[in-house]
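> When you get a sec, could you give me coordinates for this:
(one chain, ligands or ions: 1)
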Amino acid sequence: MKRIVVLISGRGSNMEALVRACAAERWPARVVAVISHRPDAAGLAHARAQGIATAVVDHRAHATREAFDQALHEAVAAHAPDLVALAGFMRVLGPTFVRAWSGRLLNIHPSLLPAFPGLHTHRRALEAGCKVAGATVHFVTEALDHGPIVIQSAVPVHADDTEDSLAARVLATEHLIYPRAVRWFVEGALLVDGAQVRQRDGQAQWLMAPDLPSPAR
Ligand code: GRF
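Below you'll find the model as predicted:
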């Protein structure tokens, strides 16, 4: 049984998707803890209701980024995870934390990386006039929102999209691709060679939104 720790900042819908798929698909794994840097993260209550251990490492209680990273590292390490999954975790993690969990640290980012690392991805995609948007699951490296890409989803950008409507369309695909990526990880089905990640059995490492509209004629 592989042990998964999920780090969240807020709502935790990606964490919920992982917990649900882990049970429904009988992964050889268990989500052993959900940890947040915010005591008010809504996802913590959901995790508790599922009987999952939770912890809070409040970033405001630590004077420096290094001290926070160290406290977070200790909280994570206490659960001896095989995988640490960042799921809407909105703090930048320092090099010491990232190095300690390197190869065992996944993130989901709501853009088609390497486009739009950082915040406000949907707003920036709309402003740039993108016609396609999406999400990326990747191994975490020291460069923010970079690292070997495991799987990506793509959705159309509609002419009348707002930041919220686009975010919702992308989020629905996040809930599909993150469980897929984590399942591959816990099954040992990911082959990493530098920047290249291959799924051992050749499964598709992309997901196109199923509701592609036909072009108007
Ligand atoms: C997701 O879109 C995630 O990719 C981004 O923030 C959002 C978090 O949503 N980083 P949730 O907390 O998983 O519901």
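
> Quick one: name the residues of the protein near the ligand.
Counting by CB under 6 Å from any ligand atom, the residues of the chain close to the ligand are 8, 10-14, 87-88, 108-110, 171, 174. The way it works is simple: take the backbone N, C-alpha and C, and place the C-beta from them, glycine included.

> Buried by neighbour count, from those: which ones?
8, 10, 12, 13, 14, 87, 88, 108, 109, 110, 171, 174 (16 or more other CB atoms under 10 Å).

> got TSV for the residues of the chain next to the ligand, with pLDDT and secondary structure too?
Below are the residues of the chain next to the ligand laid out as TSV (pLDDT from 0 to 100; DSSP: H, G, I helix; E, B strand; the rest coil):
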residue	pLDDT	secondary structure
8	98	strand
10	97	coil
11	97	coil
12	98	coil
13	98	helix
14	98	helix
87	98	coil
88	97	coil
108	98	strand
109	98	strand
110	98	coil
171	97	helix
174	98	helix
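
> from the residues you listed, which is closest to residue 188?
The shortest approach to residue 188 among those belongs to residue 108, at 20.3 Å (CB to CB).

> In this structure that closest one contacts residue 180, no?
No: judged on CB atoms under 8 Å, residue 108 makes no contact with residue 180 at a distance of 11.1 Å.

> Residue 91: how many residues sit nearby?
18 (other CB atoms under 10 Å).

> any chance you could map the strands in the chain?
For the chain, applying DSSP state E gives strands covering 2-8, 29-36, 53-56, 83-86, 105-109, 132-139, 149-156, 190-193, 196-199, 206-208.
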